[in-house]
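A.B. asks: Below: sequence and its predicted model.
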Number of protein chains: 2
Amino acid sequence: MNKENFQKIINDNWDSHVKRYQKYISQPSVSNTGHGVRDMAHLLVEDFKELGCQEAKLYETAGWPVVYASLDVGAPKTILMYGMYDVQPVDGEIWRSHPFEANIIDDEEYGKIIVGRGARNQKGPLAAVVNAIKTILDAEGTLPVNIKFLVEGEEEMGSRHLPGVVEELLDEINACDCIFFHAFQASATEKKVKQYLGTKGITEIQIKFKGGDWGGPAERHIHAEYAIWVNNPIWELIKAFGTIKDKDDKILIEGFYDDVVGEIEGDAEVFDRLLSVWSAETWKKEYGVRKFKNNMEVRAALENYTFMPELNIDGIIGGYTGEGLKTLLPHDVTVKMDLRTVPNMDVEKTVGQIKAHFEKLGVMDRMEFSYTNAYGYCRTKQSDPAIQAMFAAQEEMGYTVQPWPCLAGSAPLGMFQKYTDIPIVTGGLGHAALPHSPNEFAVVETLKESEMCCILFIYKFAELE
Amino acid sequence: MNKENFQKIINDNWDSHVKRYQKYISQPSVSNTGHGVRDMAHLLVEDFKELGCQEAKLYETAGWPVVYASLDVGAPKTILMYGMYDVQPVDGEIWRSHPFEANIIDDEEYGKIIVGRGARNQKGPLAAVVNAIKTILDAEGTLPVNIKFLVEGEEEMGSRHLPGVVEELLDEINACDCIFFHAFQASATEKKVKQYLGTKGITEIQIKFKGGDWGGPAERHIHAEYAIWVNNPIWELIKAFGTIKDKDDKILIEGFYDDVVGEIEGDAEVFDRLLSVWSAETWKKEYGVRKFKNNMEVRAALENYTFMPELNIDGIIGGYTGEGLKTLLPHDVTVKMDLRTVPNMDVEKTVGQIKAHFEKLGVMDRMEFSYTNAYGYCRTKQSDPAIQAMFAAQEEMGYTVQPWPCLAGSAPLGMFQKYTDIPIVTGGLGHAALPHSPNEFAVVETLKESEMCCILFIYKFAELE
């Protein structure tokens, strides 16, 4: 491969490359409302055909279709490009430039930026992959690997119909050698890039305590004076939840930590490498956090972040919550939680343990308990050749890699590891920001690096023994 | 006194009596917004002068003025008529008839009703008192007692400036023989009337747990994935509050119950009398409650209602509370509470005990703690002659009295007992409903009984030895 030649082709064709970013971003595809979703799916099918894919089609689901395409060049290895073509809604948001016009504007800090919904999450990275493949084809007439695309349209809705399509395509997926999810992970200010080696699983739990046959106001809020002889669902919830964590925030639900695997081979080196390039103090400053839980040491914090499950409360609401005080005895109170799982936890088992805890307290009759097993976890070893290929590509681009053993956040990638053992690689260069927020953008100049890094990764992966 | 003559005068002058209700109700006096408040105060001064009061004036405060008037007829006894001339806002409410037009409309259930803000709470009862006094004066040319009026304009704002005026007028108040607060307490369907012998005190407490130097997100919500190494203020609040009550809802704050007096002379008879005319099952049905706390027996429930303090949670809010789930690690969470006090608790002492509890847990640095000592408690013995006079008046009107030793709700009346020992009487006939709600109304026909009952009370009180 001739890196300089690829770079020249990217530069020479930059206008048409930029147009692809603008084409993807300016086509609305809001999965929650349906706005433009199917048009976006068709647009991708056309693009994949134009790229030379022998097969490019929609897999219909009960929701939005999955775009599947295959570009078979007869190479020994195949990369499955996982991606998403849907975006978050923009309703009620105020943008500096229309979210579906993908205008390029001058930013004081970053120079030229593309502003639009999906610039970072994840139409920008998807366009970069397509541009990279197009560049190789323009230069070489072929590719060093076969490519399959699997691009879903429901990521922002929890990928609810992706598992069905994965099951249907399992033979094709298992015939691949790695799954790649491209993302813009480069720092804005330094030549540093984050590389996640996995994700935690996420299960959404909602618990509502409400008055009923057991006691409490069964139909509506009533006057506060009756709190003396009628139970208060908020107090009952607090008393029950007050038994879930100890003062160090350890979860006291029986068996909760039983299946936690903890450190796997290579993690120690990953932590060493990460600690040499990552600053907890900088992180704290950025996030407005002054102290870690239990005065954790930085390495212990990273280990917990990687290995340990968590039961987080995202929100709570019940009774009177307006200005001042309106006294009342509330009918109900709702807690929203996210359960983050790690290998080898089983969500059904863990949810069963949580329910058993409430049963022991005798409060199951006071609550409505619902949950959604949104995404599973996945972890790929740092030593995996596919990961090493990505590390090498980024380093060749002059970047220092911050390897994170695990993204404590969750992603649909976690789903694949339930079905297949092939390595999962995520990451990439390019700088973009404000996903799910107004003024989401990508820095135009960094997209060249992003495409080049994709090309390097493809070649390095192809050359693996 | 000639009851039939009073009744005849009421009937003969009914149009002008009704006009007074309409005059008071149609004059806006929303203390929270200021709408019409001062005009209402002046209207009362004019009315009291017209009634023959030698003195009728405004006591200015830092908020809305208190209307004070005195009608001295040289009688041996004096009744202080406490009242309020302000009302709750009507913003955003939809009414069947304009809240400040005081229209009389036909209701399917009740016949003719006056609809308007204040019809029940408390301009209706105030107009009834004035009509009653006017009736006696028309019939007899004088009164059997002297009357003083003390009518405040900030009851709906917590009577915040009333104590200052009470202190200023303390000699005049102490020269009175009882304080009377007229209310429409008759049942809509039966010849029954509630008679409260006191009120609990109320202190509003607001506690906010928020991230800061101790830990947690100190500036804003951050991504939920960091819950593994950053404390969650909602969990911290739940853990702290989880230590406040035991499973039977007993408050575990040290010293909380120390100063509770419990039963006073005559309470046992009050409970006997109340239990003979009050049905817990009917109450439960009306309020949508299926079970009392801890399977309390009815008498035990009434005793707790009367004697025991409570720490109620009115509302809680923090983090993400919209539809579905947005995962985040919240910056803060707020709990709104009402503390109900009973004789001889001291609010400052109790608040100190609550704070000491949190200090022992080591969480004071995680919270903002604020409170407002809104109203004190008051209790008058059933055997007090002033109470007996009210009982007798209501019974003479054909009503069965339901004596409640204590309103677990709170009222500014509680404030007086801090300053003076004279008996406090509240209650009266007349049926009205929906205070603080749209379509507040009073049933026109029942207002005659209400006025007549006031007249009887005044005479019975005058005749006491």
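C.D. replies: Ah, there it is.
A.B. asks: so what's A:Leu80 up against?
C.D. replies: By C-beta atoms under 8 Å, 6 or more residues apart in numbering or on different chains, the residues touching A:Leu80 are A:Lys148, A:Phe149, A:Leu150, A:Ile173, A:Cys176, A:Cys178, A:Ile179, A:Phe180, A:Ile422. Every residue, glycine included, has its C-beta placed from N, CA and C.
A.B. asks: Pick out the most distant pair among those residues.
C.D. replies: A:Phe149 and A:Ile422 (15.7 Å; C-beta to C-beta).
A.B. asks: which one of the two has more residues nearby?
C.D. replies: A:Phe149 (27 against 19; other C-beta atoms under 10 Å in any protein chain shown).
A.B. asks: Please, which helix or strand holds the more buried one?
C.D. replies: Per DSSP states H and E, A:Phe149 falls inside strand A:146-152.
A.B. asks: Beyond that strand, next helix or strand please.
C.D. replies: helix A:162-168.
A.B. asks: Need the contact partners of the strand holding A:Phe149.
C.D. replies: Outside strand A:146-152, the residues that touch it by C-beta under 8 Å, 6+ apart are A:44, A:48, A:53, A:56, A:64, A:66-75, A:77-86, A:126, A:133, A:159, A:161-162, A:165-166, A:169, A:172-173, A:176, A:412.
A.B. asks: Could you work out the end-to-end span of stretch A:285-304 for me?
C.D. replies: Taking C-alpha to C-alpha, to the nearest Å, stretch A:285-304 runs 20 Å from one end to the other.
A.B. asks: Show residues contacting that stretch.
C.D. replies: Stretch A:285-304 has contacts (C-beta under 8 Å, 6+ apart) with A:248-249, A:263, A:271, A:274-275, A:280, A:283-284, A:405, B:211-220, B:222, B:226, B:228-231.
A.B. asks: Give me the neighbour count for the closest residue to A:Lys210 other than its chain neighbours.
C.D. replies: Excluding the flanking residues, the one nearest A:Lys210 by C-beta to C-beta, 6 or more residues apart in numbering or on different chains is A:Asp332, at 3.6 Å. By other C-beta under 10 Å, 23 other residues sit near A:Asp332.
A.B. asks: now do the one 4 residues further on
C.D. replies: As a burial measure, A:Lys336 scores 24 neighbours (other C-beta under 10 Å).
A.B. asks: Go ahead and confirm A:Phe6 touches A:Ile136.
C.D. replies: Yes. Between A:Phe6 and A:Ile136 there is a contact at 7.1 Å, judged by C-beta atoms under 8 Å.
A.B. asks: Show me whatever sits in contact with both of these two.
C.D. replies: Common neighbours of A:Phe6 and A:Ile136 (C-beta under 8 Å, 6+ apart) are A:Ile455.
A.B. asks: Now do the strand holding A:Phe149: distance to the chain's middle.
C.D. replies: With C-alpha atoms, centre = their mean, to the nearest Å as the basis, strand A:146-152 stands 18 Å off its chain's centre.
A.B. asks: so what strands line up beside it?
C.D. replies: Strand A:146-152 sits in its sheet next to strand A:66-71 (antiparallel), strand A:78-84 (parallel), going by DSSP bridges.
A.B. asks: okay if I get the ones you listed as TSV plus mean pLDDT?
C.D. replies: Converted to TSV, the strands paired with strand A:146-152 look like this (pLDDT from 0 to 100):
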stretch	mean pLDDT
strand A:66-71	98
strand A:78-84	98
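A.B. asks: thinking again about what came up before, can you flag the buried ones in the contacts of strand A:146-152?
C.D. replies: A:44, A:48, A:53, A:56, A:64, A:66-71, A:73, A:75, A:77-86, A:126, A:133, A:159, A:161-162, A:165-166, A:169, A:172-173, A:176, A:412 (16 or more other C-beta atoms under 10 Å in any protein chain shown).
A.B. asks: got the contact list for A:Tyr375?
C.D. replies: Each residue near A:Tyr375 by C-beta under 8 Å, 6+ apart is listed here: A:Gly158, A:Ser159, A:Thr199, A:Gly201, A:Ile202, A:Ser410, A:Ala411, A:Pro412, A:Gly414, A:Met415.
A.B. asks: Tell me which entries of those lie within strands.
C.D. replies: A:Thr199, A:Gly201, A:Ile202 (DSSP state E).
A.B. asks: so which of the residues you listed comes closest to A:Glu254?
C.D. replies: Set against A:Glu254, the nearest of these by C-beta to C-beta is A:Gly201 (20.2 Å).
A.B. asks: The helix or strand hosting A:Arg299: which residues count as buried?
C.D. replies: Assigned by DSSP H and E, A:Arg299 belongs to helix A:298-307. The neighbour-count check on helix A:298-307 (16+ other C-beta under 10 Å) flags A:Val298, A:Ala301, A:Leu302, A:Glu303, A:Asn304, A:Tyr305, A:Thr306, A:Phe307 as buried.
A.B. asks: For the closest residue to A:Thr327 other than its chain neighbours, what are phi and psi?
C.D. replies: Among residues not flanking A:Thr327 along the chain, A:Ala224 sits closest, at 3.7 Å (C-beta to C-beta, 6+ apart). Backbone geometry at A:Ala224, expressed as degrees, to the nearest 10, gives phi -60, psi -20.
A.B. asks: Report the backbone C-alpha coordinates of stretch A:443-450 in CSV.
C.D. replies: What follows is stretch A:443-450, C-alpha atoms only, in CSV (Å, rounded to 0.1, in the frame of the first residue of the first chain):
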residue,chain,number,x,y,z
VAL,A,443,-14.2,19.4,12.6
VAL,A,444,-13.7,19.3,8.8
GLU,A,445,-9.9,19.2,8.8
THR,A,446,-9.7,16.2,11.2
LEU,A,447,-11.9,14.1,8.9
LYS,A,448,-9.0,13.5,6.5
GLU,A,449,-7.0,11.9,9.4
SER,A,450,-10.1,9.9,10.2
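A.B. asks: average model confidence for that stretch?
C.D. replies: On average, the pLDDT along stretch A:443-450 is 97.
A.B. asks: With stretch A:425-437 instead?
C.D. replies: 92.
A.B. asks: Distance from that stretch to the middle of the chain?
C.D. replies: Using C-alpha atoms, centre = their mean, the offset of stretch A:425-437 from its chain centre is 10 Å.
A.B. asks: Between the two ends of it, what distance do you get?
C.D. replies: End to end - C-alpha to C-alpha - stretch A:425-437 spans 26 Å.
A.B. asks: and that stretch, which residues are buried?
C.D. replies: A:Val425, A:Thr426, A:Gly427, A:Gly428, A:Leu429, A:Gly430, A:His431, A:Ala432, A:Ala433, A:Pro435.
A.B. asks: Quick one: name the residues of the stretch 301-450 of chain A near chain B.
C.D. replies: For the stretch 301-450 of chain A, the residues in contact with chain B (C-beta under 8 Å from any C-beta of the partner chain) are A:301, A:304-305, A:308, A:310, A:312-321, A:325-330, A:333-334, A:336, A:338, A:340, A:407-410.
A.B. asks: just checking, which of these belong to helices?
C.D. replies: The helices, defined by DSSP state H, take in A:Ala301, A:Asn304, A:Tyr305 from those.
A.B. asks: For the residue in the stretch 1-150 of chain A that chain B sits nearest to, grab the count of nearby residues.
C.D. replies: Of all residues in the stretch 1-150 of chain A, the one sitting closest to chain B is A:Asn32 (9.6 Å; C-beta to the nearest C-beta). The number of residues packed near A:Asn32 is 15, by other C-beta under 10 Å.
A.B. asks: what does A:Glu265 give?
C.D. replies: 9.
A.B. asks: Repeat that for A:Lys284.
C.D. replies: For A:Lys284, the neighbour count with other C-beta under 10 Å is 15.
A.B. asks: Just give the closest residue to it, not the sequence neighbours.
C.D. replies: Nearest residue to A:Lys284, sequence neighbours excluded (C-beta to C-beta, 6+ apart): A:Arg290, at 6.6 Å.
A.B. asks: likewise A:Glu465?
C.D. replies: Leaving aside its sequence neighbours, A:Glu465 sits nearest to A:Pro385 (C-beta to C-beta, 6+ apart; 7.8 Å).
A.B. asks: same check, this time on A:Glu449
C.D. replies: Closest residue in space to A:Glu449, ignoring its immediate chain neighbours: A:Leu429 at 4.5 Å, by C-beta to C-beta, 6+ apart.
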